[in-house]
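Trainee: What follows is a protein structure lacking sequence information:
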């Protein structure tokens, strides 16, 4: 029986699992993230706890996978730069490899989530999938023929920073009109608040103000309030625009939508699928692209780290 | 000595070459394209001519590669649909395989050009490259780790149909604001003619009218006429916008620009590289993306067909 460990390093917690090659999980735990050079010790402590819970020692492991936010050089297992973790040129995979004595692979957190969903989640059974995660920005990853696509020095797959409106809304990256300025959860929240500020007659004011409304607010009111419906239509068209771009470029079999907004389920996916189908290059007969909700939620990263170890 | 044949099927001619594994070409010829079911016989005739020129018979070949415009199922070697060639569900690779008695691979012409440039042209020595061909539309292809990326059923890599301006200029594909509506050679020609029609004082009228101006016209006048310079600036910003999108998504080591507009050389590439560098995600220090002119011109397809056979 081969056993694998996956550690998903986030800004506040590190989540870990131990899984066998059949997908059975024998341990699952988490630990608060230690920023800076102490990160490796913190990961090692979680690894010890996981192994103790699973009743194994490190020599029982076949391999381990790690993922972490920031700019990662996955080929050399190095954190090139991770602002929130206060790390720069940090050979994380090498340090953990020395601690565990097994092969260790490292990749970016968004890419790990895409790999996790592709291998164990909504993308299972498909050869090519794209994950679009709607949060503060838009993250994502691309799996081609079962393999993670990361680009030169793992710096690709920045799908949130694809301009869909030339000279549009300024983005944190320095460009104007990026996909994430129009279709992230934050973009939806900001647009909702702006519309509410401009239109005090909308029913959304019954429960929310232009300071308390969130990305959920227009979904909550879309069946009863025309303004909320208009906001959702605006949002869906933007999301569809970026998804069709990705579909025409990658032609994946499936586009998986993750992040809190995806909790809307069919209220989001059904109209999105229609909009994507209507604009897909060459139509939907020959090579249709399915749109669906990502299924692993906050566990996608840890599963992806396992998938990385399994490689 | 292994010998390979590459046939590049275009709307008017089929171009063919025979090459050994060291890159030496022993025959090169072309034949007018026969549309419809007669295409295979026409390819076979060119193959015979090439083999006779090289002084070989078909059993001397190791493999052959074919490329062709239209929707191609490269996995099954089939032309799914090619309007200009009047073909539908045509098992071209299988027919040629029966005629030559060797392994035959088939792909789309834009993808073949990208593979040709990656293997034998401007992308030689790079692991990840993107070809952007500026013509009537924008074609292109993506090579990842030396392998052609085609997407589900070879229907991906439609980089010209990535929207860069939501609700922008209507495109032949049904979308609005596609990259090719702003950065193809035709887009440049159309914009030049429009500007000339609106501004009869521009120096371009000395030689051209709003009916005879082409994509070359503004380049010809850009050093002496402010209006021509403005047109080129507009065009370069559009081209850079799409190229940065592709750079952020694929993070290739090199983006190669092909098509007639690329003949402008450094007049196009130098300012384009500056614009790309200025907007590249995360800057240029860690993983720079080089912009250059594609080097194989009209031969990219035939070289790509060889590369396909070499696979």
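Mentor: Ah, there it is. Computed from a predicted structure; not experimentally measured.

Trainee: Let me know the outermost residue of chain A.
Mentor: Distance from the C-alpha centroid of chain A peaks at residue A:201, with 36.3 Å (Cα atoms, centre = their mean).

Trainee: what about that residue, distance to residue A:210?
Mentor: Distance from residue A:201 to residue A:210, counting by Cβ to Cβ, to the nearest Å: 13 Å. From N, CA and C alone the C-beta is placed, and that goes for glycine too.

Trainee: which phi and psi does the residue farthest from the centre of chain A have?
Mentor: As for residue A:201, its main-chain torsions (degrees, to the nearest 10) stand at phi -90, psi -10.

Trainee: Which pLDDT value goes with it?
Mentor: The model reports residue A:201 with a pLDDT of 93.

Trainee: ranges for the helices of the stretch 151-300 of chain A?
Mentor: If DSSP state H, counting those that start in this stretch is used as the criterion, the helices of the stretch 151-300 of chain A fall at A:180-183, A:185-198, A:216-221, A:226-250, A:266-279, A:300-310.

Trainee: Nearest to chain B, out of those?
Mentor: Across the helices of the stretch 151-300 of chain A, chain B has its closest neighbour in helix A:226-250 (4.2 Å, Cβ to the nearest Cβ).

Trainee: Just the angle for the closest one relative to helix A:185-198, thanks.
Mentor: Angle, helix A:226-250 to helix A:185-198, by axes from the mean of the first three to the mean of the last three Cα atoms, to 10 degrees: 150 degrees.

Trainee: Buried ones in helix A:226-250, by neighbour count?
Mentor: Neighbour-count burial for helix A:226-250, with 16 or more other Cβ atoms under 10 Å in any protein chain shown as criterion, is recorded at A:227-228, A:231-232, A:234-250.

Trainee: same thing with stretch A:270-282?
Mentor: Buried residues in stretch A:270-282 (16+ other Cβ under 10 Å): A:271, A:272, A:273, A:275, A:276, A:277, A:279, A:280, A:281, A:282.

Trainee: so which one among those residues has the lowest pLDDT?
Mentor: residue A:282 (92).

Trainee: Model confidence score at the closest residue to chain B within the stretch 201-311 of chain A, please.
Mentor: Ranked by Cβ to the nearest Cβ, the top residue of the stretch 201-311 of chain A for proximity to chain B is residue A:251, at 3.0 Å. Model confidence at residue A:251, given as pLDDT, is 97.

Trainee: what do you get for residue A:7?
Mentor: Per-residue confidence (pLDDT) for residue A:7: 98.

Trainee: do the same with the one 10 residues further on
Mentor: At residue A:17 the predicted local distance difference test score is 98.

Trainee: shouldn't it be in contact with residue A:301?
Mentor: No: at 10.2 Å, residue A:17 does not count as touching residue A:301 under the criterion of Cβ atoms under 8 Å.

Trainee: residues contacting the residue of the stretch 201-311 of chain A closest to chain B?
Mentor: By Cβ atoms under 8 Å, 6 or more residues apart in numbering or on different chains, the residues touching residue A:251 are A:128, A:287, A:289, B:150, B:151, B:152, B:153, B:155, B:156, B:157, B:158.

Trainee: Can you add distance to residue A:49 and give those back as a markdown table?
Mentor: Rendered in a markdown table, the data for these read as follows (distance: Cβ to Cβ, whole Å):
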| residue | distance to residue A:49 |
| --- | --- |
| A:128 | 37 |
| A:287 | 46 |
| A:289 | 41 |
| B:150 | 45 |
| B:151 | 42 |
| B:152 | 41 |
| B:153 | 46 |
| B:155 | 47 |
| B:156 | 43 |
| B:157 | 46 |
| B:158 | 48 |
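
Trainee: Weed out the non-buried ones from the residues you listed.
Mentor: A:128, A:287, A:289, B:150, B:151, B:152, B:153, B:155, B:156, B:157, B:158.

Trainee: Give me the distance between the second one and residue B:156.
Mentor: Right, the one you point to is residue A:287. Residue A:287 sits 8 Å away from residue B:156, going by Cβ to Cβ.

Trainee: burial measure for the closest residue to residue A:278 other than its chain neighbours, as a count.
Mentor: Nearest non-adjacent residue to residue A:278, counting by Cβ to Cβ, 6 or more residues apart in numbering or on different chains: residue B:174, 7.8 Å away. For residue B:174, the neighbour count with other Cβ atoms under 10 Å in any protein chain shown is 13.

Trainee: for the one 3 residues further on, same thing?
Mentor: Neighbourhood size, residue B:177 [other Cβ under 10 Å]: 20.

Trainee: Looking at the buried ones among the contacts of residue A:251, which is nearest residue B:42?
Mentor: Nearest to residue B:42 among these is residue B:150, at 25.1 Å by Cβ to Cβ.

Trainee: Can you report phi and psi for the closest one?
Mentor: Here is the backbone geometry of residue B:150 (degrees, to the nearest 10): phi -120, psi -20.

Trainee: does residue A:107 have beta-bridge partners, and which?
Mentor: residue A:67 (DSSP bridges).

Trainee: brain fart, residue A:79
Mentor: The partner residues for residue A:79, given DSSP bridges, come to residue A:72, residue A:90.

Trainee: need the contact list for it.
Mentor: Neighbours of residue A:79 in contact, by Cβ under 8 Å, 6+ apart: A:68, A:70, A:71, A:72, A:85, A:87, A:88, A:89, A:90, A:92, A:106.

Trainee: Narrow those to just the buried residues.
Mentor: Using 16+ other Cβ under 10 Å as the burial test, those include A:68, A:70, A:71, A:72, A:85, A:87, A:90, A:92, A:106 as buried.

Trainee: Remind me which helix or strand the fifth one belongs to.
Mentor: Pointing back at residue A:85 there. Per DSSP states H and E: residue A:85 is located in neither a helix nor a strand.

Trainee: pLDDT score for it?
Mentor: With respect to pLDDT, residue A:85 has a value of 93.

Trainee: Spit out the contact partners of it.
Mentor: Going by Cβ under 8 Å, 6+ apart, residue A:85 touches A:9, A:11, A:33, A:35, A:36, A:39, A:68, A:69, A:70, A:79.

Trainee: I'd like to know how many residues surround the nearest residue to residue A:227 once chain neighbours are set aside.
Mentor: Leaving aside its sequence neighbours, residue A:227 sits nearest to residue A:202 (Cβ to Cβ, 6+ apart; 4.0 Å). Neighbourhood size, residue A:202 [other Cβ under 10 Å]: 20.

Trainee: Ok, residue A:84 next?
Mentor: Going by other Cβ under 10 Å, the residues that sit close to residue A:84 add up to 13.

Trainee: isn't it right up against residue A:11?
Mentor: Yes: judged on Cβ under 8 Å, residue A:84 makes contact with residue A:11 at a distance of 4.7 Å.

Trainee: between those two, what contacts are shared?
Mentor: With Cβ under 8 Å, 6+ apart as the test, residue A:84 and residue A:11 both reach residue A:69.

Trainee: Quick check: mean pLDDT of stretch A:295-311?
Mentor: 95.

Trainee: Can it be said to contact chain B?
Mentor: No: if you take Cβ under 8 Å from any Cβ of the partner chain as the test, stretch A:295-311 misses chain B, and the best it gets is 14.3 Å.

Trainee: Now do the helices in the stretch 1-150 of chain A.
Mentor: Secondary structure of the stretch 1-150 of chain A (DSSP H, counting those that start in this stretch): helices located at A:39-54, A:92-100, A:109-120.

Trainee: mind checking which of those helices is nearest residue B:96?
Mentor: Ranking those by proximity to residue B:96 (Cβ to Cβ) places helix A:109-120 first, at 35.3 Å.

Trainee: List the residues that contact the spatially closest residue to residue A:13 that is not a sequence neighbour.
Mentor: Closest residue in space to residue A:13, ignoring its immediate chain neighbours: residue A:30 at 4.8 Å, by Cβ to Cβ, 6+ apart. Counting by Cβ under 8 Å, 6+ apart, residue A:30 makes contact with A:13, A:14, A:15, A:16, A:46.

Trainee: same deal with residue A:11?
Mentor: Residue A:11 is in contact with A:33, A:69, A:84, A:85, counting by Cβ under 8 Å, 6+ apart.
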